[in-house]
Every structure is written in structure tokens, then in C-alpha cells.
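# Please work out how this folds:
(one chain, ligands or ions: 1)
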Amino acid sequence: MRREAKNAADSGFSNTFAGKELNFTSMILPIVAYGDPVLRTVAADITPDYPGLTKLIEDMWETMYASNGVGLAAPQINRNIRLFVIDSEQIFNNQDDEDKGMYPDEPGHRLVFINAHIVALDGKEWPYNEGCLSIPKIREDVMRPSQVTIAWVDENFTPHTASFNGITGRIIQHEYDHIEGKLFIDYLKPLKRKLLKGKLDDITKGKIKVDYKMAFPR
Ligand code: NI
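As a prediction, this is how the structure comes out:
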């Protein structure tokens, strides 16, 4: 999921993102664009001996920050596995004073989710204007339940079960959809979807200007 850029200077690349030092051996991976079948596949669980997992997670952090993402799922970097990373702390760090206290999950979370499975979705549905790194320059309001309860293992394969709400719960649901082969545009009404068809086709063909590295299906 991508956050909204506040101004031009906000969309640039630097060696530190939101004050977090990154490992110098990590690299930016191309983000798979809408239309690639990998985004429509249900991803598989992995085991701790998955080759190069530590480096892969580092690369996903770097790729996510370089594209102003607040979440990134493995299918978006062409890996059909149940792995995603989220950093909602960035949202709160970039918030205007007047928006403080808007979400119950302040100051956010920075987490790695491996082999995640949703246990329950609860609470009132609420709209949020979502964007996706695989679907650049399209943002639409999506209704989702306010709370997600999820079971997963972290980067050390330590198991967790926890509930998240606010912006963190929103990002987790968006990224979780990616490992289930779903996209936020699937929630739009048929008419809205029809109106976006031309834009979506252009993304698939690479007929779009993006300020981060992408891989187009054709
Ligand atoms: Ni996305």
C-alpha cells in the first residue's frame, strides 16, 4: 500500500527512510505491475530454511521505503510466498498536527508477517482512500472492517496472534489480500471498475510514468 505524498520533496529517495538506517547490502527490487498473474495467485506458506530469507526481507524494506510504500507483499516482487512487511509508523511521523489522534493505533507498527492467516474480521466497516504500488496513480475509497485478528510468524519464526485496528489494521488487510491474490480494486463497484479499465490497461502495458522501479507484464 502506498501513502499519499504531501509534496514533491516528500517523494524522493534517500539512504535513510523515516530515520531508519538500512543495510547497505540490500537492494531495490522492481515492483510487479497490475496484470501480472503473480498478483492473482494464492501464495504459499514457507519454512525457516527458505533460501535467502533474511536478505529478501531487507530488500523488501528497502524497496518499500524507496517507493513511499507503507506495506509491501512478496507477490509484488514476484515471489509467490506468504510474506509481507508493513510500517504504519511512517503515517504518524508524516501526519500534520491537526490529524493527530485520528487513528487508535498511534504511533503505528513496523512488522514482518510470514505465513499469515486471518483469524477474524470485526467492527464497523470504514472508508479509506487506498493506493497500491502495483497499481500506480489510482487511489480509491475502500470499505473494510475496523479490526483484523491475525496469526503469523515473525522473521525469527516466532508465532504471534494479535488484533490490529486503525491505519495498521487497514494496511494489514490490504497486504494480506496480496498473498490471497486479491487487489483493492476488486472492492470497487462494477461501474467504477469499468471507468478505470483504460488506466489499468495502460499500467499493464507500461504506459505510465512512475518514480520507482517497476516490472510490466507486457
Ligand atoms: Ni498493494
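# C-alpha only now, for contacts and for neighbours.
Will do.
# Let me know the helix or strand that Val119 is in.
strand 110-132 (DSSP states H and E).
# Give me the sheet partners of that strand and which way each runs.
When pairing is defined by DSSP bridges, strand 110-132 lines up against strand 83-87 (antiparallel), strand 135-153 (antiparallel).
# what ranges do the helices span in the protein?
53-66, 89-93, 166-179, 190-205 (DSSP state H).
# circling back: same question for the strand holding Val119: list its buried residues.
By neighbour count with 16 or more other C-alpha atoms under 10 Å, strand 110-132 contains the buried residues Val112, Phe113, Ile114, Asn115, Ala116, His117, Ile118, Leu121, Glu130, Gly131, Cys132.
# need the contact list for the second one.
If I follow you right, that is Phe113. Arg82, Leu83, Phe84, Val85, Trp152, Val153, Asp154, Glu155 (C-alpha atoms under 8 Å, 6 or more residues apart in numbering).
# swap in the third one?
Taking C-alpha under 8 Å, 6+ apart as the contact definition, Ile114 lies against Asp45, Ile46, Arg82, Leu83, Phe84, Trp152, Val153, Asp154, Glu155, Phe157.
# Tell me the one of the contacts of Phe113 nearest Lys55?
Glu155 (11.0 Å; C-alpha to C-alpha).
# Not counting residues beside it along the chain, what's closest to the closest one?
Among residues not flanking Glu155 along the chain, Val112 sits closest, at 6.2 Å (C-alpha to C-alpha, 6 or more residues apart in numbering).
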